[in-house]
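Enquirer: I'll drop the sequence and a predicted model, then ask my questions.
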Amino acid sequence: MPVSTSPARPDLRGVRLAYDTVAGDYAARMPDTRVEAPLDLAMIDTFAEAVR
């Protein structure tokens, strides 16, 4: 079954491939959130709660 490329359901395969390509290097360089500002972490937590 082909993947829809309509605006309601865009084809995100290229985006996923790009993220997958750099994920290992990113995780190796930033293994935890120690370098993140407390405000950034709070915004991420708020966003995660909103989309649950």
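Expert: Yep, that arrived. Residues are numbered from 1 along each chain as shown.

Enquirer: going forward, measure contacts and count neighbours with C-alpha atoms only.
Expert: Fine.

Enquirer: name the element the residue nearest the centre of the chain belongs to?
Expert: The structure's the chain has its C-alpha centroid closest to Tyr19; by CA atoms, centre = their mean the separation is 7.7 Å. In the assignment (DSSP states H and E), Tyr19 maps to helix 13-29.

Enquirer: swap in Asp45?
Expert: Using DSSP H and E, Asp45 sits within helix 38-51.

Enquirer: Would you mind putting the CA coordinates of that helix into PDB?
Expert: What follows is helix 38-51, C-alpha atoms only, in PDB (Å, rounded to 0.1, in the frame of the first residue of the first chain):
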ATOM      1  CA  PRO A  38      16.400  23.900  33.200                       C
ATOM      2  CA  LEU A  39      14.000  26.100  31.200                       C
ATOM      3  CA  ASP A  40      14.500  24.000  28.100                       C
ATOM      4  CA  LEU A  41      13.800  20.800  30.100                       C
ATOM      5  CA  ALA A  42      10.700  22.300  31.600                       C
ATOM      6  CA  MET A  43       9.400  23.300  28.100                       C
ATOM      7  CA  ILE A  44      10.000  19.700  26.900                       C
ATOM      8  CA  ASP A  45       8.200  18.300  29.900                       C
ATOM      9  CA  THR A  46       5.200  20.700  29.300                       C
ATOM     10  CA  PHE A  47       5.000  19.700  25.700                       C
ATOM     11  CA  ALA A  48       5.200  16.000  26.400                       C
ATOM     12  CA  GLU A  49       2.400  16.300  28.900                       C
ATOM     13  CA  ALA A  50       0.300  18.300  26.400                       C
ATOM     14  CA  VAL A  51       0.600  15.700  23.600                       C
END
